[in-house]
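S.K.: after the sequence you'll find the predicted model.
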Amino acid sequence: MAITLAVGTQVAIASAYAAVKTMSALTNATSAVATLEASHGIIVGEYFEVSSGWDRLNGRIARCTVLSTNDVTMGNIDTSSTSRYPVGTGTGSVREISAWTTIGQITSELAVTGGEQQFADITTLSDNIQKQIPTVRNPLQVTLPLFDDPSLAFVPIVRAAADGATATAVRFTYPNGSILVANAYWSMQEVPTIQDSTLRGRIDLTFTALPTRYTS
């Protein structure tokens, strides 16, 4: 059994993106491989946003784990199911995340809600027990309570993402070395509250696509 303390967790917002690069091919594999245009600039270890004809992939954040010239492997992005990811229809484009800005002064009350599975009732008159089948999941939402300081570097970046209603990547780096990345809509509480005689703020995120977790 491995228990990881939360102390030391860091959260960052994507603060710069490179130019959009065309994705001309995309494989069905346990770790999808994208063929990008020449001079795409992505290297191993970097993160990028994916725009894809596959709805389940569109908007996700991936990390390059293997690079072979223009072929970029999206680690932990499983597209092997041809029913969910129809062959030849997943192409689109990618945007490399070229800079991250850490969100500081987050308190220990960080909260995650949502993600619960919803079900459709398929019970018939002849059934003596209720039957359900899974449909969609509730949206994932994260609340970042923090000590208020409008002079910090992340504030205008978060404000711009919120004001523009623009999906912008978030990165959680945990003390055990694992990393979770996702695309999200951002909002920021502009008027601070008072708690324990200190000014407090809050950032709220709603994920726009599935998160991706990397353990190494």
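M.R.: That came through fine.
S.K.: burial of residue 27, as a residue count?
M.R.: 18 (other CB atoms under 10 Å). The way it works is simple: take the backbone N, C-alpha and C, and place the C-beta from them, glycine included.
S.K.: my guess is it contacts residue 77. True?
M.R.: No - counting by CB atoms under 8 Å, residue 77 is not a contact partner of residue 27; they are 10.5 Å apart.
S.K.: so what's the residue nearest in space to the middle of the chain up against?
M.R.: Nearest residue to the geometric centre of the chain (CA atoms, centre = their mean): residue 182, 0.4 Å. Counting by CB atoms under 8 Å, 6 or more residues apart in numbering, residue 182 makes contact with 60, 61, 140, 169, 170, 207, 208, 209, 210, 211, 212.
S.K.: let's see that with 10 Å instead.
M.R.: 59-61, 140, 142, 167, 169-172, 205, 207-213 (CB atoms under 10 Å, 6 or more residues apart in numbering).
S.K.: state the phi and psi torsions of residue 158.
M.R.: With angles defined as degrees, to the nearest 10, residue 158 sits at phi -60, psi -40.
S.K.: hang on, I meant residue 155
M.R.: phi -60, psi -50.
S.K.: returning to what we had before: which ones among the contacts of residue 182 lie within helices?
M.R.: Judged by DSSP state H, helices contain none of the contacts of residue 182.
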